[in-house]
Every structure is written in C-alpha cells, then in structure tokens.
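In: how would this look folded up:
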Amino acid sequence: MYKAIGVIELKSIPKGVEAADDALKSAGIDMVSAHPSCPGKYEIILAGAIADVSVAVEHVLSKFDGYVIDSSVMGRIDEQVIKALFGTQEGERKGSLGLIETFSAASAIKAADIAVKTARVQIYDLRVSRGMGGKGVVMITGDVGDVTASIEAGANYAKSVSTLSSFTVIPAPHEELWKRM
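Out: Alright, predicted model coming up:
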C-alpha cells in the first residue's frame, strides 16, 4: 500500500493541469486526483513511496512556485486516510461524530491523519475541495472521549498553519442525522 501522500493546490487551472502532468513525469507516483476546485483553484493529490512523492512535489513547487497556494507531503499516512481519499473507507454510523473544516485540502488531509493517529477513531468521511469553495472537511466517529481528543489534535494542527475554519463534536447524533449524511 501507499506510504505517502502529496497535496498541491494551485491558483491557476491551466498551470494546475500542466503541474499534474509534470508531477507524473517526474517520479514513479500515482495520481489520486487532479481537478479544478472552487474558487478557480486546481488540486493535485499524489500517492506513492515517500521519496517519489517528495520528488514530484518539490519538482512542482520549483517550477510553479508563483502559482502554489498550499502543499504538503505526508509520510506514514494512516491507511484510513488513503482509503477515504480513494472513496473506499466505510465509516460507521455510530458513536459520537466530530468534524474539522479547513480552508485547504492539504490541511484537511493532514488534520485527518493526525486525528486518526491520536485516538481510537474511524474516518466517517473525508472531502476535499469539490463543491465546498476549496475547503476540506473530515468527519470522525468513535467514543466521545476519543473523538474529542482526535478532533482537538487535528483542529490544533489546522489552527497552527492558519487554515482552521471550524470544528465540533456531537456526542450523540440523532438517528435521522446519520440517515441523511
């Protein structure tokens, strides 16, 4: 399985497409996604060995520096985060629910990784950029104490890099809420 994730957000769609192509050509990595996001940004998510992901991200940063909004390389990423990015994570609809909202995809992914490494929790959902004005949101489930600790840790990270929008913990979500999410 993958050992690292790289995220690059650019402020130009044409340069984003070019950067995605350059990233693929620069190292042996896989493209998780590459797409326009609101408002007029382009988001690239790469996966692979840490060395390859680092090379690809550094290549894009050096060539497209004036267009980069945010970037991150995350090694030893938790498998739940990878599954959530690929849309294969099956979150449980039980226990408490915690959410972290960030102003960038990179910080949402990093906050999710920190959250699941902090306590015994599961990712219910991880959404980045599309249909959210370029924001990211992670939803975590588990026992209320674990969810609270994990959400606080992930939110503290996002706050430390000035990308935290908001966060909350709902100790016992209503059954109807679970059905509609």
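
In: going along the chain, name the strands of the protein.
Out: If DSSP state E is used as the criterion, the strands of the chain fall at 4-10, 30-37, 41-48, 68-75, 96-102, 122-128, 136-142, 164-170.

In: where does residue 133 land on pLDDT?
Out: We have a pLDDT of 73 for residue 133.

In: against residue 121, how distant is it?
Out: Computed with Cβ to Cβ, to the nearest Å, the distance linking residue 133 and residue 121 is 26 Å. No exception for glycine: its C-beta is placed from N, CA and C like everyone else's.

In: what about residue 133, how many neighbours?
Out: When neighbours are defined as other Cβ atoms under 10 Å, residue 133 has 12 of them.

In: could you check how far residue 97 is from residue 149?
Out: Counting by Cβ to Cβ - residue 97 and residue 149 are separated by 14 Å.

In: who has more neighbours out of these two?
Out: Set side by side, residue 97 and residue 149 show more neighbours around residue 97, with 25 against 19, by other Cβ under 10 Å.

In: let me see the contact set for the more buried one.
Out: Shown in contact with residue 97 (Cβ atoms under 8 Å, 6 or more residues apart in numbering): 124, 139, 140, 141, 147, 169, 170, 173, 177.

In: OK, contacts around the residue nearest to residue 76 when sequence neighbours are not counted?
Out: The shortest distance from residue 76 to any non-neighbouring residue, by Cβ to Cβ, 6 or more residues apart in numbering, is to residue 3 (6.6 Å). Neighbouring residues of residue 3 by Cβ under 8 Å, 6+ apart: 48, 49, 50, 75, 76, 77.

In: most neighbours among the residues you listed, which one is it?
Out: Counting by other Cβ under 10 Å, top hit in the contacts of residue 3: residue 77 with 24 neighbours.

In: my read: it touches residue 113, true?
Out: Yes. At 5.5 Å, residue 77 counts as touching residue 113 under the criterion of Cβ atoms under 8 Å.

In: angle of the helix or strand of the chain with the lowest mean pLDDT against strand 41-48?
Out: Least confident helix or strand, the chain: helix 79-86 with a mean of 84, by mean pLDDT, DSSP states H and E. In terms of direction (axes from the mean of the first three to the mean of the last three Cα atoms, to 10 degrees), helix 79-86 departs from strand 41-48 by 130 degrees.

In: elements contacting helix 79-86?
Out: Other helices and strands packing on helix 79-86, by 3 or more Cβ pairs under 8 Å, 6 or more residues apart in numbering; DSSP states H and E, are strand 4-10, strand 30-37, strand 41-48, helix 105-118, strand 122-128.

In: can we see that at 7 Å?
Out: helix 105-118, strand 122-128 (3 or more Cβ pairs under 7 Å, 6 or more residues apart in numbering; DSSP states H and E).

In: much appreciated, bye for now.
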